Each structure stands twice: as structure tokens, then as C-alpha cells.
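Undergrad: Pasted the sequence and its predicted model underneath.
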Amino acid sequence: MKKDYSELQQKFGNHLKTIREKQNISLRELAAKCDLDHSKIGKIENGQTNLQLSTIFELAKGLGINPKELIDF
């Protein structure tokens, strides 16, 4: 049976968006700072995708934070 992670994805996305907005970084600016497309980041923030560990590290690199900060919500 496949687990439903939609609530967790939504919480992670909201947390990511909060961090990004506190740094006054647009989706496109964040995408330019890491190896991700801005549309993918938008889907993550909207809880529409289950992301990989490597994506968390890319996002953290782009935001200039420790990856732990992204998953500590």
C-alpha cells in the first residue's frame, strides 16, 4: 500500500516558501542559485511533488542554509 505524503509535502513547501520570502528571493533567483528549474521549485512550494534528498541539498545551497533547516519544520 502506497503512503500518502501530501500533507508532509504541503508543510515542507510552506516552510520552503517562508524561508525564501524572508530572504526576499524570487523563484527564478533561487533557481539560478541552485541546479533546479523555477517551475519545479514552485511545485515543491505548492506541495505538488515528492522531492528527493538531492533536491533538498540543492535548495539549501541556493538559500545559503544548512539542509537541516529545510526539514526542521
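TA: Received the coordinates, thanks.

Undergrad: Return the per-residue confidence for residue 64.
TA: Here the pLDDT value assigned to residue 64 is 97.

Undergrad: repeat for residue 43
TA: 96.

Undergrad: count of residues packed around the closest residue to it other than its chain neighbours?
TA: The spatial neighbour of residue 43 that comes closest, neighbours along the chain excluded (CB to CB, 6 or more residues apart in numbering), is residue 49 at 4.7 Å. (Each C-beta comes from the backbone N, C-alpha and C, glycine too.) When counting by other CB atoms under 10 Å, one arrives at 16 neighbours for residue 49.

Undergrad: was I right about residue 49 contacting residue 41?
TA: No. If you go by CB atoms under 8 Å, residue 49 and residue 41 don't touch, sitting 9.8 Å apart.

Undergrad: which residues touch residue 11?
TA: Under the criterion of CB atoms under 8 Å, 6 or more residues apart in numbering, the contact partners of residue 11 comprise 47, 73.

Undergrad: and it, how far is that from residue 45?
TA: For residue 11, the distance to residue 45 under the criterion CB to CB, to the nearest Å works out to 11 Å.

Undergrad: Name the single longest helix found in this protein.
TA: helix 6-22 (DSSP state H).

Undergrad: what's the average pLDDT for it?
TA: Mean pLDDT, taken over the full extent of helix 6-22, equals 96.
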